[in-house]
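Student: build me a model:
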Amino acid sequence: MATHIARWDLDKTYLRTDFDTLRDLVRTAFERPEQKRTNPGASTLLREMVRAGVQVHILSGSPEQMRRRLEDKLRLDGVRWDTLTLKPNLRNLLRLRFRAVRDQLGYKLPALLRARVMATESGEVGAGCRETLFGDDAEADAYVYSLYADVVAGRVDQDVLMRVLERGRLYEDVVVAAMTAVRTLEPTDAVERILIHLEQQTPPGDFRAYGPRIVPFYNYLQAAFVLFEDGRLGAEAVLRVAVELTTVHRFDGDALARSYLDLARRGHLRGTSTEPMKQALEDSFAQPALPATGELGVMVERLPWMADVARSMWRSEPQGVPDYLKLVSGHNPRTRHG
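Tutor: Next up is the predicted model:
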């Protein structure tokens, strides 16, 4: 039985994908697996989550026709996953469902609800199994994930959800599928954290409407810090993500430390003990030395006073329920002006 589930998007979350123009879409579709670029630190973080016993379920807006290339890319990165769900865009086009090609609410929300129902009914997860969701700021992930979290928890009643889906212009059978799944689920506070990769450099303050459960982040070391505090990763895993950013992407010790400080100042870290990371670095000296030990040492040395900043800024207010009806009209930054 799963103890924790991570649900990942791919494009602009895990992969550095361009799809803003038709030419970008065509190029992306024909890229070989080895040509696809992974966001710095993402593959290391994902491998460490699997190593920690977290189930990985990928839900991507990439078309089903790209399955083989995406699976090959994940294998090249040494990533193992439990399920990989892709968007049936060809089927949508054949059924003349042109809105569905770009729509994320009508695709991802029913898919998330259906996945939770199937996992619960199969006994794969218990009522206490929680989830961490990974997305980006290029489309509607923050809105969809937050809505999913509050629907599953029973904080959004079915009448409100129906109005949201209607205002979001979902097709009738998609609405029926989503509502059927909701009626099947027992309310549970399933979503522990929503991590949004700032691919488009959206100001983090833009996500305040969704409450403190959402953490906008610039790099995957920041995501690792959050998961460490949540008890989903060990200190050694955080250091391995930092090693990748240092050795492959030229982060120095100052940049590593600033990644923590940025989250601390924004109120996303509790500032719990950073001693385990110091101990993990010291323990590594008795083994084959970690690369970039000097840069890791700079980061670890600065963490204690930064943790003081985190404790003073920690956003401990209770999670409120966003006004999903108000937010639905502008939930997708790619289509809100369309």
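Student: where is the longest helix in this protein?
Tutor: helix 293-313 (DSSP state H).
Student: next one: that helix to chain centre, how far?
Tutor: On the basis of Cα atoms, centre = their mean, to the nearest Å, helix 293-313 sits 24 Å off its chain's mean C-alpha point.
Student: in that helix, what's buried?
Tutor: 295-296, 299-300, 302-303, 306-307, 309-310, 313 (16 or more other Cβ atoms under 10 Å). Quick note: C-beta positions are derived from backbone N, CA and C, even for glycine.
Student: of the residues you listed, closest to Arg114?
Tutor: Closest approach between these and Arg114, by Cβ to Cβ: Ala310, at 37.1 Å.
Student: hang on, the earlier thing: so for the longest helix of the chain, mean pLDDT?
Tutor: Mean pLDDT, helix 293-313: 95.
Student: not counting that helix itself, show me its contacts.
Tutor: Applying Cβ atoms under 8 Å, 6 or more residues apart in numbering, the set of residues contacting helix 293-313 from outside is 239, 242-243, 246, 251-254, 256-257, 260-261, 263-267, 269-274, 277-278, 281, 284-285, 290.
Student: turn the buried residues of helix 293-313 into JSON lines, including distance to Arg130.
Tutor: Listed next are the buried residues of helix 293-313 as JSON lines, based on distance: Cβ to Cβ, whole Å:
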{"residue": "Glu295", "distance to Arg130": "33"}
{"residue": "Leu296", "distance to Arg130": "30"}
{"residue": "Met299", "distance to Arg130": "28"}
{"residue": "Val300", "distance to Arg130": "29"}
{"residue": "Arg302", "distance to Arg130": "31"}
{"residue": "Leu303", "distance to Arg130": "26"}
{"residue": "Met306", "distance to Arg130": "27"}
{"residue": "Ala307", "distance to Arg130": "24"}
{"residue": "Val309", "distance to Arg130": "27"}
{"residue": "Ala310", "distance to Arg130": "22"}
{"residue": "Met313", "distance to Arg130": "24"}
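Student: and these, which is closest to Gln35?
Tutor: The shortest approach to Gln35 among these belongs to Glu295, at 29.4 Å (Cβ to Cβ).
Student: residue closest to the middle of the protein?
Tutor: Centroid-nearest residue in the chain, with Cα atoms, centre = their mean: Phe134, separated by 0.6 Å.
Student: hang on, that one is in a strand, isn't it?
Tutor: Yes: assigned with DSSP: H, G, I helix; E, B strand; the rest coil, Phe134 falls within a strand.
Student: pretty sure it sits against Asp11.
Tutor: No: using Cβ atoms under 8 Å, Phe134 makes no contact with Asp11, being 11.8 Å away.
Student: for Ala237, report the pLDDT, please.
Tutor: For Ala237, the predicted pLDDT is 96.
Student: for it, what are its contacts?
Tutor: With contacts defined as Cβ under 8 Å, 6+ apart, Ala237 is in contact with 45, 48-49, 51-52, 224, 228.
Student: select only the buried ones of those in ChimeraX?
Tutor: The ChimeraX selection below is limited to those of the contacts of Ala237 classed as buried (16+ other Cβ under 10 Å):
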select :45,48,49,52,224,228
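Student: among the contacts of Ala237, which lie within helices?
Tutor: Judged by DSSP H, the contacts of Ala237 include 45, 48-49, 51, 224, 228 as members of helices.
Student: and for the residue lying closest to Ala181 once chain neighbours are set aside, the neighbour number?
Tutor: Closest residue to Ala181 apart from its sequence neighbours, by Cβ to Cβ, 6 or more residues apart in numbering: Leu113 at 3.8 Å. Leu113 has 21 neighbouring residues, counting by other Cβ atoms under 10 Å.
Student: do you know how far Leu113 is from Val151?
Tutor: Per Cβ to Cβ, to the nearest Å, Leu113 is found 7 Å from Val151.
Student: could you export the contacts of Ala237 as a markdown table, including distance to Leu109 and pLDDT?
Tutor: Compiled in a markdown table, those are given as follows (distance: Cβ to Cβ, whole Å; pLDDT from 0 to 100):
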| residue | distance to Leu109 | pLDDT |
| --- | --- | --- |
| Leu45 | 25 | 98 |
| Glu48 | 28 | 98 |
| Met49 | 23 | 97 |
| Arg51 | 30 | 96 |
| Ala52 | 28 | 96 |
| Ala224 | 28 | 98 |
| Phe228 | 29 | 97 |
